[in-house]
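K.L.:
Got a predicted structure plus its sequence, pasted below:
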Amino acid sequence: MDHDKVRDVDPAVADALEGEVDRQRETLQMIASENHASEAVIDAQGSALTNKYAEGYPGERYYGGCEYADEVEELAIERATELFGADHVNVQPHAGTQANQAVYFAMLEPGDKILSLDLNHGGHLSHGHPANFTGQLYEVEQYEVDAETGYIDYDALADHAAEFDPDIIVSGYSAYPREIDFERIQAAADDVGAYHLADIAHITGLVAAGVHPSPVGIADFVTGSTHKTIRAGRGGIVMCDEEYADDIDAAVFPGGQGGPLMHNVAGKAVGFKEALQPEFTEYAEQTVANAKALGESLSENGFSLVSEGTDNHLVLVDLRESHPDTSGGDAEEALEEAGIVLNGNTVPGETRSPFNPSGIRAGTPALTTRGFDEDDCRKVGDLIARVIDAPEDEAVIEDVRAEVAALCDANPLYE
Ligand code: DSN
């Protein structure tokens, strides 16, 4: 993967782009929301469609010259429809947050009520955080995971909904390692006449592959990102029943966005085609098996996992008991030095600042893309433990970095 044409014009940017490819090749990408898109997806995203304005929808654009933009968007829609089985799919949102924004803009008025999971318990900024437009435009209350088990307490959620009477309940999370029972959340929404938005950003690929139950056909609205567990390049999607299709389309464009990023829509089309292949199901199954193996290894090394394990692509480690003097930020920094890239993360009952929280979140989507299996992920768990047990020991860091390099060499990327 070279950047010769960039280099001819701008060597400084070419150096940075090539440095980034090497960084991804030579270190372990374990940020749970990241993955490695195929070169085909990257090629589509780097195409001449970046030049094209195509405001509107296929066959109804506000600009001429949209025949190929139409073709690409229709393919993306067709493939997403086949993957997820939704009545209606809009593939234009620039990201998951813009997909959520479209649902709120279509269905809510300012001041309406959102019930969603607290950020420290695994929620997302766009679900009502005060720093986000959702926290500023709407009245927000938040549910939590059970303090003992780390699982969503569906009865408490239903009680909270009965008390708060929200206009919309948001399910789907950014740092929740367990299967989500969309039917129970739908039942809580039905009881109070609220809409249900299932934001499957993290598990889009697992849902597409049938490895996690789908909210499509249960929740009123399903939003997702296209670059996490599904490898269709950066972006978002919204799905809904036909009855909401026009409202959602109008809320995406012109409601919240101008011209769609057609090069990214092309990436989505290619990535969705890849996800329709039988190998993608194997990939999604392996991603979950790898996360379970990673979790087991970390537990055996004395770490405490929120909910004691995982059903999906990520584990959330609470460092407070096992390593009270090491914050998630300290752990993130030492691990990065050793070639293991993940993020410090807040945990339920967080006692530190979100800038330097008490946990780390680790995911297996990217490792699985480059061919890691359960044995490799157990080994990665051991390496993480060695670093966090001695975050300031340069000899340990150096030794782990060499082992990371060997794992990377054995599982090459972008050859
Ligand atoms: N920033 C993403 C994550 O890391 O989970 C969510 O948008």
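P.N.:
On my side now, so go ahead.
K.L.:
C-alpha only now, for contacts and for neighbours.
P.N.:
Fine.
K.L.:
Can you report how many residues lie near the residue nearest to H129 when sequence neighbours are not counted?
P.N.:
Excluding the flanking residues, the one nearest H129 by C-alpha to C-alpha, 6 or more residues apart in numbering is G135, at 4.8 Å. Residue crowding around G135 was assessed by other C-alpha atoms under 10 Å; the count is 18.
K.L.:
mind listing the strands for the stretch 301-415 of the chain?
P.N.:
Taking DSSP state E, counting those that start in this stretch, the strands of the stretch 301-415 of the chain run over residues 304-305, 314-318, 340-341, 343-345, 359-363.
K.L.:
Compare the ones you listed and report which one is nearest to R7.
P.N.:
Ranking the strands of the stretch 301-415 of the chain by proximity to R7 (C-alpha to C-alpha) places strand 340-341 first, at 27.3 Å.
K.L.:
chain center to the closest one, what's the gap?
P.N.:
17 Å (C-alpha atoms, centre = their mean, to the nearest Å).
K.L.:
do you know how far E179 is from T310?
P.N.:
Noted for E179: a distance of 8 Å to T310, by C-alpha to C-alpha, to the nearest Å.
K.L.:
For those two, indicate the residue with more neighbours.
P.N.:
Neighbour comparison, E179 and T310: the larger count goes to T310, with 23 against 16 (by other C-alpha under 10 Å).
K.L.:
Return the residues in contact with that one.
P.N.:
Neighbour list for T310: 177-178, 291-292, 295 [criterion: C-alpha atoms under 8 Å, 6 or more residues apart in numbering].
K.L.:
out of those, who's nearest H121?
P.N.:
P177 (10.8 Å).
K.L.:
pLDDT score for the closest residue to the closest one other than its chain neighbours?
P.N.:
Closest residue in space to P177, ignoring its immediate chain neighbours: T310 at 4.8 Å, by C-alpha to C-alpha, 6+ apart. For T310, the model assigns a pLDDT of 98.
K.L.:
For the strand or helix carrying A80, list the C-alpha coordinates in CSV.
P.N.:
Element membership for A80 (DSSP states H and E) is helix 67-84. Taking Å, rounded to 0.1, in the frame of the first residue of the first chain, the C-alpha atoms of helix 67-84 are listed here in CSV:
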residue,chain,number,x,y,z
GLU,A,67,-25.5,8.2,-12.9
TYR,A,68,-22.5,6.5,-11.3
ALA,A,69,-23.3,7.9,-7.9
ASP,A,70,-26.8,6.5,-8.2
GLU,A,71,-25.4,3.1,-9.2
VAL,A,72,-23.1,3.0,-6.2
GLU,A,73,-25.8,4.2,-3.7
GLU,A,74,-28.3,1.7,-5.1
LEU,A,75,-25.8,-1.1,-4.7
ALA,A,76,-25.0,-0.1,-1.1
ILE,A,77,-28.7,0.1,-0.3
GLU,A,78,-29.5,-3.3,-2.0
ARG,A,79,-26.7,-5.0,-0.1
ALA,A,80,-27.5,-3.5,3.2
THR,A,81,-31.1,-4.5,2.8
GLU,A,82,-30.0,-8.1,2.1
LEU,A,83,-27.6,-8.1,5.0
PHE,A,84,-29.9,-6.7,7.7
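K.L.:
what are the bridge partners for T223, then?
P.N.:
D199, V238 (DSSP bridges).
K.L.:
For it, give me its contacts.
P.N.:
So T223 contacts 96, 99-100, 197-201, 236-239 (C-alpha under 8 Å, 6+ apart).
K.L.:
One more: R61?
P.N.:
Taking C-alpha under 8 Å, 6+ apart as the contact definition, R61 lies against 54-55.
K.L.:
Contacts for stretch 258-267, please.
P.N.:
41-50, 52-56, 69, 72-73, 76, 91-94, 232-235, 253.
K.L.:
Now, the residues you listed that are in strands?
P.N.:
Here DSSP state E is the test, and the contacts of stretch 258-267 give G56 as lying in strands.
K.L.:
Quick one: buried ones out of the contacts of stretch 258-267?
P.N.:
41-42, 44-45, 49-50, 52-56, 69, 72-73, 76, 91-94, 232-235, 253 (16 or more other C-alpha atoms under 10 Å).
K.L.:
Okay, and the residue nearest to H129 sits in which element?
P.N.:
Short version: G135 belongs to helix 133-137, going by DSSP H and E.
K.L.:
what separates that helix from the chain centre, distance-wise?
P.N.:
With C-alpha atoms, centre = their mean, you get 21 Å for helix 133-137.
K.L.:
That one - contacts with which helices or strands?
P.N.:
For helix 133-137, there is no helix or strand it packs on, judged by 3 or more C-alpha pairs under 8 Å, 6 or more residues apart in numbering; DSSP states H and E.
K.L.:
Going C-terminal from that helix, what's the next secondary structure element?
P.N.:
strand 139-143.
K.L.:
Output stretch 131-147 as PDB, nothing but the C-alphas.
P.N.:
Taking Å, rounded to 0.1, in the frame of the first residue of the first chain, the C-alpha atoms of stretch 131-147 are listed here in PDB:
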ATOM      1  CA  ALA A 131     -21.500  17.800  26.100                       C
ATOM      2  CA  ASN A 132     -23.400  16.500  23.000                       C
ATOM      3  CA  PHE A 133     -26.300  18.200  21.200                       C
ATOM      4  CA  THR A 134     -28.500  15.500  22.500                       C
ATOM      5  CA  GLY A 135     -27.900  16.500  26.100                       C
ATOM      6  CA  GLN A 136     -28.500  20.100  25.200                       C
ATOM      7  CA  LEU A 137     -31.700  19.800  23.100                       C
ATOM      8  CA  TYR A 138     -33.500  17.100  24.900                       C
ATOM      9  CA  GLU A 139     -34.400  16.100  28.500                       C
ATOM     10  CA  VAL A 140     -32.300  13.100  29.300                       C
ATOM     11  CA  GLU A 141     -32.400  10.400  32.000                       C
ATOM     12  CA  GLN A 142     -30.100   7.500  32.000                       C
ATOM     13  CA  TYR A 143     -30.300   3.900  33.100                       C
ATOM     14  CA  GLU A 144     -27.300   1.900  34.400                       C
ATOM     15  CA  VAL A 145     -26.000  -1.600  34.400                       C
ATOM     16  CA  ASP A 146     -26.500  -3.700  37.500                       C
ATOM     17  CA  ALA A 147     -23.800  -2.800  40.000                       C
END
